[in-house]
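Enquirer: Next come a sequence and a model predicted from it.
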Amino acid sequence: MNEKVESRLRDAGLEVLGMYEGQGGPTVTEVFRNVVHLDAEPVERIRRGEADASRVVDQRWKARAIAGGIVAGDGSFLAAAGMELGWVQVRLTERTSVSAAEDQPGELLFIARSLRGHRALAVSAEGSEYWLLEAEFPEVA
């Protein structure tokens, strides 16, 4: 596993379970192209300038991820490690804060996918806002 990616995920309060070896379902590239594109319409927008914007992003992301079936019953899901590296299986913890997954200050892009491959949820920094973006895919058999 890539140490930088693992460190980034741990810094976001996620328990890193290992690289995802499963077959089927959309790749990181496919999910990225479906949720982060020029015509993307966010399902939620959070103003970046608000004092508690990071907390709001984390709460709304977690609520959508759980309600949408991204997060399995044991708290696990897949997080994007990068286009070439693929998916990492992670688990929510009490410390999880996806807004802490910034590569650089102001550069947030966190993409998650369900283990079944049927849904994806991303949070990204876009101008003066954070966007939550969703996509649906055929479920992996």
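Expert: It's in. Numbers count the residues shown, from 1 in each chain.

Enquirer: any idea of the mean pLDDT in stretch 73-83?
Expert: Confidence over stretch 73-83 (mean pLDDT, whole number) is 95.

Enquirer: Next: stretch 41-49.
Expert: 93.

Enquirer: CA atoms only: put that stretch into CSV for me.
Expert: What follows is stretch 41-49, C-alpha atoms only, in CSV (Å, rounded to 0.1, in the frame of the first residue of the first chain):
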residue,chain,number,x,y,z
GLU,A,41,-24.6,19.1,-10.0
PRO,A,42,-24.0,18.7,-6.3
VAL,A,43,-26.6,17.2,-4.0
GLU,A,44,-25.5,19.6,-1.3
ARG,A,45,-23.4,22.8,-1.1
ILE,A,46,-21.7,24.1,2.0
ARG,A,47,-20.1,27.5,2.1
ARG,A,48,-16.4,27.2,2.7
GLY,A,49,-16.1,30.5,4.6
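
Enquirer: And it, what's buried?
Expert: 42, 44, 46, 48 (16 or more other C-beta atoms under 10 Å). Yep, even glycine has a C-beta here, placed from its N, CA and C like the rest.

Enquirer: Which stretches in this protein count as helices?
Expert: 3-11, 28-35, 53-67 (DSSP state H).

Enquirer: Could you dump the ones you listed into TSV and include distance to Pro138?
Expert: Converted to TSV, the helices of the chain look like this (distance: least, C-beta to C-beta, whole Å):
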stretch	distance to Pro138
helix 3-11	27
helix 28-35	11
helix 53-67	19
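
Enquirer: List just the nearest of the buried residues of stretch 41-49 to Gly86.
Expert: Distance ranking of those against Gly86, using C-beta to C-beta, places Pro42 first at 25.0 Å.

Enquirer: for the closest one, what are its contacts?
Expert: The contact partners of Pro42, taken as C-beta atoms under 8 Å, 6 or more residues apart in numbering, are 126, 129, 131-133.

Enquirer: Next up, the contacts around Ala40.
Expert: Shown in contact with Ala40 (C-beta under 8 Å, 6+ apart): 131, 133.

Enquirer: Quick check: Arg55 vs Tyr130, distance?
Expert: Distance, Arg55 to Tyr130, by C-beta to C-beta, to the nearest Å: 11 Å.
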